[in-house]
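Chemist: how would this look folded up:
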Amino acid sequence: MVKFNLEDLDIGKNAPEIVNCVVEIPKDTNAKIEYDPELRMFKLDRFLISSMRYPLSYGFIPQTIGEDDDPLDIVVYGSQPVPTGIIVECRIIGGLNMEDKGVKDYKLMAVPISIEKKLDDITKIEDNLLSITQDFFRNYKNMHGKRVLVKNWFGKGRAQKIIKIGHTKYLNEVRYEAPEYTAQ
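Modeler: Predicted coordinates:
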């Protein structure tokens, strides 16, 4: 029996403009939840030890590999938290330029296609939310003695290029083993 890995879920038929997102962390929590591809389950990594909470739901884009060798990170715009394990079809609108341990660790931003507003570009997101999100990622590891370098937000064109590169890397380094074929 072949076990399905969520990292191998389809990226989305309209990628890189619209992608599937696997939510790991709901908005407004301080629980750092990660998908474990070996267990094929979500597990608690840690609690943030400050009063900080994730300002947006957070997850990954399947069938991508970023420069940190993990699936590309994505934050999902919305007023409500999206529960862990939910797949959300999202429109890519931009991203946050970051480095963690000297390696690019972009946080791409997307809007669920179910949101009727025409939020099709990062410039249409409230400046306050962008600042709060940027500040969160600048400081959320501080209490753990770790530092990240957070730069500026960028537009959807660059975000889509990052997704194309990440998807190509995934296709070149397919993460799962093909099932054995036995002739009958």
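Chemist: so which bits of the biggest helix by length in the chain are buried?
Modeler: What stands out as the longest helix in the chain, according to DSSP state H, is helix 156-172. Buried residues in helix 156-172, counted by 16 or more other C-beta atoms under 10 Å: 156, 159, 160, 162, 163, 165, 166, 167, 169, 170. In this view, the C-beta of every residue, glycine as well, is placed from N, C-alpha and C.
Chemist: ok, the last one touching residue 61?
Modeler: No - the criterion here is C-beta atoms under 8 Å, and residue 170 misses it with residue 61 at 9.5 Å.
Chemist: between these two, which contacts overlap?
Modeler: Shared contacts of residue 170 and residue 61 (C-beta atoms under 8 Å, 6 or more residues apart in numbering): residue 71.
Chemist: biggest strand in the chain, by residue count?
Modeler: Ranked by residue count and defined by DSSP state E, the top strand of the chain is strand 87-100.
Chemist: quick one, helices of the chain?
Modeler: Along the chain, the segments classed as helices by DSSP H run 127-139, 156-172.
Chemist: for the last one, the averaged confidence score.
Modeler: To tie it back to what came earlier, the one meant is helix 156-172. Averaged across helix 156-172, the pLDDT comes to 97.
Chemist: show me what that helix is packed up against.
Modeler: Packed against helix 156-172 by the contact rule (3 or more C-beta pairs under 8 Å, 6 or more residues apart in numbering; DSSP states H and E) you find strand 87-100, strand 107-112.
Chemist: so which elements touch the first one?
Modeler: Yep, that's strand 87-100 we're talking about. Where contact means 3+ C-beta pairs under 8 Å, 6+ apart, strand 87-100 is packed against strand 18-25, strand 73-76, strand 107-112, helix 127-139, strand 148-155, helix 156-172.
Chemist: how about a markdown table for these, with distance to residue 44 added?
Modeler: Below are the helices and strands packed on strand 87-100 laid out as a markdown table (distance: least, C-beta to C-beta, whole Å):
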| stretch | distance to residue 44 |
| --- | --- |
| strand 18-25 | 10 |
| strand 73-76 | 18 |
| strand 107-112 | 21 |
| helix 127-139 | 19 |
| strand 148-155 | 21 |
| helix 156-172 | 26 |
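Chemist: what's the spacing between residue 167 and residue 26?
Modeler: Counting by C-beta to C-beta, to the nearest Å, the separation of residue 167 from residue 26 is 26 Å.
Chemist: how about residue 138?
Modeler: 21 Å.
Chemist: of the two, which one has the most company?
Modeler: residue 26 (21 against 16; other C-beta atoms under 10 Å).
Chemist: okay, now the unreliable bits of the chain?
Modeler: Scanning the chain for pLDDT under 70 picks out 1-3, 116, 143-145, 175-184.
Chemist: list the contacts of the closest residue to residue 160 other than its chain neighbours.
Modeler: Distances taken as C-beta to C-beta, 6 or more residues apart in numbering place residue 16 nearest to residue 160, at 4.0 Å, with adjacent residues excluded. Applying C-beta under 8 Å, 6+ apart, one finds that residue 16 lies in contact with 92, 159, 160, 161, 163, 164, 167.
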